[in-house]
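pasted the sequence and its predicted model underneath.
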Amino acid sequence: MPNGDLQLAGYYAARAAEYERIYDKPERQAELQRLRALIPAYLAGRSVLEIACGTGYWTQHIAPVALGITALDINPETLAIARAKPLPPDRVRFETADVHALYPRHQGYSGAFAGFWWSHLKRGERREFFDGLHRALAPGAVVVLLDNRYVAGSSTPISRSDADGNTYQQRALDDGTQYEVLKNFPQAEELLAETPAAASGVEYTALDYYWVLRYALAG
Ligand SMILES: C[S@@+](CC[C@H](N)C(=O)[O-])C[C@H]1O[C@@H](n2cnc3c(N)ncnc32)[C@H](O)[C@@H]1O
């Protein structure tokens, strides 16, 4: 795992118990309600690979309509919270795994979901990550990405940019520990340019606080 990823994983392990507060921000409730309908609808009836599932917030909303869902995260701390959710064990499986090593253990899924993961990839890492994700999927699989748009006053401010154009935030946990966290915010054109050339059914939805990208791999 690259060094930056080790730091990121450590940050989310330490944040696990505080994590779901991010879904309580009052100004975001209307959009979250919309997303809790949109995202499961994209994945209905599919065998879903969810990567970096964290505490299973989206797993619990996708599981009722999916054929099945395998939800991966690098951190036992976040997965412990996910596993405590009342989800049907015959259709939901949580697993400790690194998103950078999906294939060949993981393959043949007809859907993929990644919530708030794109933003933690460096610009130079995206191609490799998506190639790896696509190898874990079957022809015609649907890929759904959800992430943040930057909103001044609601988002944590950007503290710096690096030479490659990646942006970072300074974040504090309840115990006062400070972390620098990579967090990129895309332009729509940048996202659309990165979807595979053979993808079909590309849909980009921009809300105020969130963006969603959906595409299907060639069948
Ligand atoms: C922003 S959280 C997203 C959690 C969840 N997807 C959600 O939408 O609520 C990012 C997650 O990525 C996980 N993570 C960090 N590095 C990872 C890696 N290399 N492989 C798998 N998961 C990783 C963290 O443990 C954390 O749960």
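Yep, it's here. Numbers count the residues shown, from 1 in each chain.

tell me which residues of the helix ranked longest in the chain are tucked away?
Longest helix in the chain by number of residues (criterion: DSSP state H): helix 29-43. For helix 29-43, the buried set under the neighbour-count rule, 16 or more other C-beta atoms under 10 Å, comprises 31, 32, 35, 36, 38, 39, 40, 42, 43. (C-beta placed from N, C-alpha, C; glycine too.)

what about stretch 106-121 and the ligand, touching?
Yes: using C-beta under 6 Å from any ligand atom, stretch 106-121 comes into contact with the ligand via 115, 116, 117.

okay, now the residue nearest to the last one when sequence neighbours are not counted: neighbour count?
Excluding its sequence neighbours, the residue lying closest to residue 117 (C-beta to C-beta, 6 or more residues apart in numbering) is residue 52, at 4.3 Å. The burial count assigned to residue 52 is 23, neighbours taken as other C-beta atoms under 10 Å.

so which elements touch the longest helix of the chain?
If you count contacts as 3 or more C-beta pairs under 8 Å, 6 or more residues apart in numbering; DSSP states H and E, helix 29-43 packs onto helix 59-62, strand 109-115, strand 137-148, strand 210-216.

give me that answer again for 6 Å
helix 59-62 (3 or more C-beta pairs under 6 Å, 6 or more residues apart in numbering; DSSP states H and E).

avg pLDDT for the helix it packs on?
Per-residue pLDDT over helix 59-62 has a mean of 98.

now tell me what touches that helix from outside.
36, 40, 43, 50, 53, 69, 71, 85 (C-beta atoms under 6 Å, 6 or more residues apart in numbering).

pLDDT value on residue 2, please?
Taking residue 2 on its own, its pLDDT is 55.

about what we covered before: compare the residues of stretch 106-121 next to the ligand and tell me which has the most neighbours.
Result: residue 115 is most packed of those (other C-beta under 10 Å), 22 neighbours.

distance of residue 158 relative to the ligand?
Separation of residue 158 from the ligand (C-beta to the nearest ligand atom, to the nearest Å) stands at 16 Å.

ok so, going back, so which of the buried residues of helix 29-43 are also by the ligand?
Within the buried residues of helix 29-43, nothing lies near the ligand by C-beta under 6 Å from any ligand atom.
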